[in-house]
Every structure is written in C-alpha cells, then in structure tokens.
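S.K.: Build me a model from this:
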Amino acid sequence: MDIDFLLDTLSKLLAAVPTTLGLFFLSMLCGGALSVVIVAMRVSPYPALSWFARGYVLVFRGSPLLIQLFLIYYGLGQFEAVRASPFWLVLRSPYSCTVLALALCTAGYTAEILRGGLIAVPHGQIEAGLATGMSRWTLLQRVIAPITLRQCLPAYSTELVLLVKSTALASLVTVWDVTGVAQQIIQRSYRTMEVFICAAAIYLVLNFLLVRAVAMLEHRLSPHLRKRPSHRPTPAPSEPKPRTP
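M.R.: Predicted structure coming up:
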C-alpha cells in the first residue's frame, strides 16, 4: 500500500470538501424553505393548491435525481426564452443548477416528512391550546412546530444523509466536489480502489457528524425522553431485635 499516494489523495479530496458542503447546505436551506410552502399548499383547503402540491411531490419523488439534474442543466438552456430571461444568470452556472436540482428534489421528500409530523400532532393538544386563548400563530410556534419537528427528525436525518450522498452527482455537470476530484485523480493515476476508498471515508465522516448533530438536536427537543437519575429513598436503619432469654 502506497501511504504517500493515499495521503496526497486525501489532501486533494479534503480541499474539495467545502464545495460538497456548500452544495449540501444551500440545497438543504432552499429545499427546506420550499418544503414548508409545499406542505402549506398540501394541507390547504383550496383544491387547486392541494393538487399542485400532490403533483409536485409525485414528480420529484417519482423521477431519478440524475434526470432532473440533466433536464435543468442541459434541457432548459435549449430554449431561447430561457437564455433571454433573468433566470439564465442562475441556470448557466453548473453549481447553481446543481443546487437547484438538489433543492427541488429534497423539497419533495422533506414535504412528505413534514406532513407526516404535522399529522402526528395530537388534536387534543391543539384544542387545549385554543381553549387557553392562544392565537393560531402562538399555537403554531409553541405547540405544533416543536412537536412536528421532534416527530420529523428521525426521518429527516435519513433525508439529509441521502442529500450529502446525492451531491456526488454534481461531478457529472463539471462541479468538482469530492467525487469529481476523485475522478480526476483516477484519470491520471488509474488507481481506482485507493482513491474511492479515500472518498468513501470522507463521506462516511461527514454523514457520521451529521447524524450525531441531528441526534443531539433530537435529544434537546425531547426532555421527557431523557434518562433521569433515580433517587431512591435511603432505607431507615432497622431496629435491633430484642434478645430472647
């Protein structure tokens, strides 16, 4: 095993980690904001908004992310109207197209996760909040949102891990993230095993840290599930038995 080659490869891959993290965080923030809008439309009493949200989730959960990325990066640029519009400032950049594709895709999954957490809120707690005089905004802020977030975190952590791994597709549209740099090194050295082992180790560490961060947040939002030390009462000293003659 060539240790020098592994260390050199690892240093080059670590230099591409900020690009991977940038794709992840931007996609997570944009997709999370969009998912809230989709959930609001999904539970809306207006059928047009509800059916639009259903169709959005169906399209972006039912089609491969790779095809969505190619349609956004290669497909939209074929239309003259798109190239003449202000959106071309975003769509002409491979990095922006990758963020857009990842955000649109993760928004569909996150919307269903949020909807499941919203349904899990006990209706009795909502009625209790309204009975105490809470406004709908206060009820959302103090009752519905914390319970929904706590219910969604286990499933959402899985979605975040998948989002980190999905950033590897960015290399297909010339965004040099960890996977893209790994492919460049392989093209020059023809040493596939060592390079991809280093890349896999980086993704493994990133996902481990991400899962631990979500677990800490879940622990903080669930004080009733924390193990509390049991305070057992100290037994009273037993009285000596009288001696029998």
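
S.K.: What is the end-to-end distance of stretch 128-142?
M.R.: Taking C-alpha to C-alpha, to the nearest Å, stretch 128-142 runs 12 Å from one end to the other.

S.K.: Contacts for it next, please.
M.R.: Outside of stretch 128-142, the residues within contact range by C-beta atoms under 8 Å, 6 or more residues apart in numbering are Ile126, Val143. For the C-beta atoms, the positions are set from N, CA and C on the backbone; glycine is no exception.

S.K.: Give me the distance between that stretch and the centre of its chain.
M.R.: When C-alpha coordinates are averaged (C-alpha atoms, centre = their mean, to the nearest Å), stretch 128-142 and its chain have centres 29 Å apart.

S.K.: cool, stretch 180-199 as well?
M.R.: Offset of stretch 180-199 from its chain centre (C-alpha atoms, centre = their mean): 27 Å.

S.K.: Give the closest residue to Thr9 in space, chain neighbours not counted.
M.R.: The spatially closest residue to Thr9, leaving aside those adjacent along the chain, is Cys198, at 5.0 Å (C-beta to C-beta, 6 or more residues apart in numbering).

S.K.: The one you found contacts Ala16, correct?
M.R.: No - the pair formed by Cys198 and Ala16 falls short of the contact definition of C-beta atoms under 8 Å, at 11.2 Å.

S.K.: hang on, the earlier thing: so where does the residue nearest to Thr9 fall, helix or strand?
M.R.: Under DSSP states H and E, the secondary-structure element containing Cys198 is helix 192-221.

S.K.: Does anything pack onto that helix? Which helices or strands?
M.R.: In this structure, helix 192-221 makes packing contacts with helix 3-15, helix 17-42, helix 145-166, helix 178-189, judged by 3 or more C-beta pairs under 8 Å, 6 or more residues apart in numbering; DSSP states H and E.

S.K.: Now the longest one: buried residues?
M.R.: Spelled out, it's helix 17-42. Of the residues in helix 17-42, those buried under the neighbour-count criterion (16 or more other C-beta atoms under 10 Å) are 17, 19-20, 23-24, 26-28, 30-32, 34-35, 38-39, 41-42.

S.K.: and if you look at stretch 93-105?
M.R.: Within stretch 93-105, the residues that qualify as buried by neighbour count (16+ other C-beta under 10 Å) are Pro94, Tyr95, Ser96, Cys97, Thr98, Val99, Leu100, Ala101, Leu102, Ala103, Leu104, Cys105.

S.K.: just to revisit the earlier point, list the buried residues for the helix holding Cys198?
M.R.: Glu194, Val195, Phe196, Cys198, Ala199, Ile202, Tyr203, Leu206, Asn207, Leu210, Val214, Glu218.

S.K.: remind me which residues of this structure are low pLDDT?
M.R.: Scanning the chain for pLDDT under 70 picks out the ranges 1, 223-245.

S.K.: Mind doing that once more with 90?
M.R.: Along the chain, the parts satisfying pLDDT under 90 run over 1-9, 40, 43-46, 74-93, 114-155, 173-174, 189-192, 214-245.
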